[in-house]
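**Q** Please find the sequence and the predicted model below.
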Amino acid sequence: MIIPELPEYLSLLGGADYKGLIISLFTVTAMLSRPFSGKLADTIGRVPVMIFGAAVCVVCSALYPLISSLLPFFFLRFFHGFSTGFTPTGNTAYLADIIPAEKRGEAMGLLGTAGAIGMSGGPALGGMLGNQFGLNIMFYASSLLALISILILARTRETLKTKQPFSFAHLKVKRTDFFEPLVLAPCLVMVLSAFAYGAVFTLIPDFGQHVGVRNKGLLFTYLTVASLIVRLVAGKASDRYGREPVLMVSTLMIVVSMLVIGQANTRLQLMVGVVLYGFAQGSTSPTLLAWATDLSDNRFKGRGIASLYIFMELGIGLGALISGWLYANDPDLFFPVFSVSASLAAMAFFYLLSRRRLKTQA
């Protein structure tokens, strides 16, 4: 709901030159919190981890209207990252507990579909509320929706069989808690492909304004609806044909979509590029989640999933920070910035291709 309006909100606070920090600060916290959320999901349970992340959303969204200067805004964005550092980890581990391995891709597609429904309606709703009633109402509405999610989770049955009561000792993480080596391959593909996500979510609001799109949230709606359409198909395809073949197609689609977006100079061209990226992202995300879950040790699913999310946030954060820095509020630089995203996605494609060739030779 709030991401499309945050660049304008930051500009009103006098921070137009720091738009890259909107996403990157959020993802830094999310990345740093993953080892903790993964460990807690494997010890105290999946549901408490999900509830904590949702509670952060309730608090942070309600506090944005009270912000009047840059430093508190950046601090709040940093703290807000705990939401995505916890809830998706618990969500994915919970789903992995209740779904058989042969339907994992389809299930991750369903989880992504649910998220995509929120992501498609949220930006348009946020843009409408911001335009009609002001940004403060938009922030309060976001907080209310997060509160509703907590009420749902409070009635959800825990799936972790050996649940432990919370102890501050659980917050002590070892080096092994930071990364699960078994999921290295999907992590590499994730960081290279997620760079484009950070660039898109940082620059699309300005790009939309540049080509005459008034409700910038609609662009995110097009993106997530396209993602929604393809997720179930991609998830089932990865169950049937394998994770890597599907990812080869989706990473190549990211390359094409980044080049189309970068060269857009009309609303239609930008929308086409955004929709193409939605198809690509909707195929990549559930397939990588299913692949990482396949490779994870059953005793430490939370850690394996958290490792993948760490690399996701690293890619998104770098994409947001670097694209915002390269763009520097100059519309003439849109194409060079999105070309960087295309190049990194191409690296992911060739990495997958080399793995396939090595397996064939073996």
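**A** Here it is on my side, so go on. Since the model is a prediction, treat every value here as computed from it, not as a measurement. Numbering: from 1, shown residues only.
**Q** where are the low-confidence patches of the stretch 101-250 of the chain?
**A** 177, 216 (pLDDT under 70).
**Q** how about the helices in it?
**A** Residue ranges of the helices in the stretch 101-250 of the chain, as given by DSSP state H, counting those that start in this stretch, are 104-133, 135-153, 184-210, 217-241, 243-262.
**Q** With distance to residue 351 and mean neighbour count as added columns, please give these in CSV.
**A** Heads up, the C-betas are built off the backbone N, CA and C, glycines and all. Output for those, formatted as CSV (distance: least, CB to CB, whole Å; neighbours: other CB atoms under 10 Å):
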stretch, distance to residue 351, mean neighbour count
helix 104-133, 20, 20
helix 135-153, 36, 17
helix 184-210, 6, 24
helix 217-241, 17, 22
helix 243-262, 9, 23
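**Q** Out of those, which is closest to residue 87?
**A** Taking CB to CB, helix 135-153 is the member of the helices of the stretch 101-250 of the chain nearest to residue 87, at 8.3 Å.
**Q** Which one, of the helices of the stretch 101-250 of the chain, ends up nearest to residue 169?
**A** In terms of CB to CB, the element of the helices of the stretch 101-250 of the chain nearest to residue 169 is helix 135-153, at 24.5 Å.
**Q** Might you calculate how far that closest one sits from the centre of the chain?
**A** How far helix 135-153 lies from its chain's middle: 19 Å, per CA atoms, centre = their mean, to the nearest Å.
**Q** picking that back up, relative to residue 71, which of the helices of the stretch 101-250 of the chain is closest?
**A** Proximity to residue 71 (CB to CB) singles out helix 135-153 among the helices of the stretch 101-250 of the chain, at 18.4 Å.
**Q** who touches the closest one?
**A** 1-2, 5, 9, 47, 50-51, 54-55, 57-62, 64-65, 83, 125-126, 129-130 (CB atoms under 8 Å, 6 or more residues apart in numbering).
**Q** In helices, which of those residues fall?
**A** 9, 47, 50-51, 54-55, 57-62, 83, 125-126, 129-130 (DSSP state H).
**Q** As CSV, could you dump the C-alpha coordinates of stretch 81-98?
**A** Provided in CSV are the C-alpha atoms of stretch 81-98 (Å, rounded to 0.1, in the frame of the first residue of the first chain):
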residue,chain,number,x,y,z
GLY,A,81,12.2,-4.2,7.8
PHE,A,82,11.7,-6.6,10.7
SER,A,83,8.2,-7.3,9.3
THR,A,84,9.5,-8.9,6.2
GLY,A,85,12.4,-10.4,8.0
PHE,A,86,10.1,-12.5,10.2
THR,A,87,6.6,-13.1,8.6
PRO,A,88,7.7,-14.7,5.3
THR,A,89,10.2,-17.0,7.0
GLY,A,90,7.4,-18.3,9.3
ASN,A,91,4.9,-18.5,6.4
THR,A,92,7.2,-20.6,4.2
ALA,A,93,8.4,-22.9,6.9
TYR,A,94,4.7,-23.5,8.0
LEU,A,95,3.8,-24.3,4.4
ALA,A,96,6.7,-26.7,4.1
ASP,A,97,5.5,-28.6,7.2
ILE,A,98,2.0,-29.3,5.8
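**Q** Now do the buried residues in that stretch.
**A** Neighbour counts over stretch 81-98 (16 or more other CB atoms under 10 Å) mark 81-96 as buried.
**Q** Stretch 314-333 too?
**A** 314-327.
**Q** from those residues, which is closest to residue 238?
**A** Looking across those and measuring by CB to CB, the closest to residue 238 is residue 315, at 19.9 Å.
**Q** Next, the angle helix 184-210 makes with the helix or strand harbouring the closest one.
**A** If you go by DSSP states H and E, residue 315 is part of helix 301-327. Helix 301-327 and helix 184-210 are oriented at 40 degrees to each other (axes from the mean of the first three to the mean of the last three CA atoms, to 10 degrees).
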